[in-house]
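Chemist: The following block contains a protein sequence and its predicted model.
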Amino acid sequence: MELFKYGYMEAKIATELNISQQNVNGIIKSACNKMSDEYHMNWLELQYRNNIGMKLKKCANCNLKKPAINDFFRYNAEKKDELSSKCIKCEEKY
């Protein structure tokens, strides 16, 4: 990604790293998808917080307050609020 960030084209990156251009394209596409998903979730969180005034829940792992909905916390029938104590991001990391 560093080479792409500095203006290298996919073919040049493939040559520099001795991998196929198809692999380079896949890496770039994957990184772009991750950035897009992250941006969307951040935007969604801001909308819920600022425009809707939704109830927040604190993640037991990262200690960040996030909207108390299934977009940010997984369903857990054993919990009083029916949401996992860890946010989805933290659950996916560990």
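Modeler: Noted; the coordinates are in hand. Everything quoted here is computed from the prediction, not taken from an experiment.
Chemist: Can you pull up the most central residue in the chain?
Modeler: The structure's the chain has its C-alpha centroid closest to E38; by Cα atoms, centre = their mean the separation is 3.7 Å.
Chemist: Show me how the record splits the chain into domains.
Modeler: Listed domain ranges for the chain are 1-53, 54-94 (source: automatic domain parsing).
Chemist: Out of the ones you listed, which one sits most buried?
Modeler: For the domains of the chain, average neighbour numbers computed from mean count of other Cβ atoms under 10 Å are highest in domain 54-94, which has a mean of 14. In short, each C-beta sits where N, CA and C put it, glycine included.
Chemist: Give me the distance between the two termini of that domain.
Modeler: This stretch, domain 54-94, spans 27 Å end to end (Cα to Cα, to the nearest Å).
Chemist: Just the mean pLDDT for it, thanks.
Modeler: Summarised as a single mean, pLDDT over domain 54-94 is 91.
Chemist: how far out from the middle of the chain is it?
Modeler: 15 Å (Cα atoms, centre = their mean, to the nearest Å).
Chemist: How about stretch 37-47?
Modeler: Using Cα atoms, centre = their mean, the offset of stretch 37-47 from its chain centre is 9 Å.
Chemist: residue with max distance from the center of the protein?
Modeler: Outermost residue of the chain (Cα atoms, centre = their mean): T15, 30.2 Å.
Chemist: Now name the helix or strand holding D81.
Modeler: Under the criterion DSSP states H and E, no helix or strand holds D81.
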